[in-house]
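Participant: A structural model of the following input is requested.
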Amino acid sequence: MKNMNQSAAARIQAAEAKANNGLVEKGSFAARAQRAAAGNQQSPRPAPPNGPSKTGKPSGKGRGNNAPKSK
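Facilitator: Numbering: from 1, shown residues only. So this is what the prediction gives:
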């Protein structure tokens, strides 16, 4: 099974539009295919700026993962 891509979704939508006088119903298979293709095309979210250290060294002050101060 392959993920839906934009060109396949466009072919499906074009065929449905031809069959229905240019209309594509909301919630139809063609509409769901377009939504799936758009979801597959999105890039992953970038890492947060205060994420874990990528250098292998412990994080410094103010990074939120230091041990609590002893009293």
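Participant: please identify the buried residues of stretch 1-9?
Facilitator: Using 16 or more other C-beta atoms under 10 Å as the test for burial, stretch 1-9 gives Met4, Ala9. C-beta coordinates here come from the backbone N, C-alpha and C atoms, glycine included.
Participant: correction: stretch 6-23
Facilitator: In terms of neighbour count (16+ other C-beta under 10 Å), stretch 6-23 has its buried residues at Ala9, Ile12, Gln13, Glu16.
Participant: just give the closest residue to the last one, not the sequence neighbours.
Facilitator: What it means is Glu16. Using C-beta to C-beta, 6 or more residues apart in numbering and skipping residues adjacent in sequence, the residue nearest Glu16 is Ala30, 4.2 Å away.
Participant: so what's the one you found up against?
Facilitator: Residues in contact with Ala30, defined by C-beta atoms under 8 Å, 6 or more residues apart in numbering, are Ala9, Ile12, Gln13, Ala15, Glu16, Ala17, Val24.
Participant: check which helix or strand it maps to.
Facilitator: helix 29-41 (DSSP states H and E).
Participant: tell me the mean pLDDT for that helix?
Facilitator: Regarding helix 29-41, the rounded mean pLDDT is 91.
Participant: how far off centre is that helix?
Facilitator: With C-alpha atoms, centre = their mean, to the nearest Å as the basis, helix 29-41 stands 12 Å off its chain's centre.
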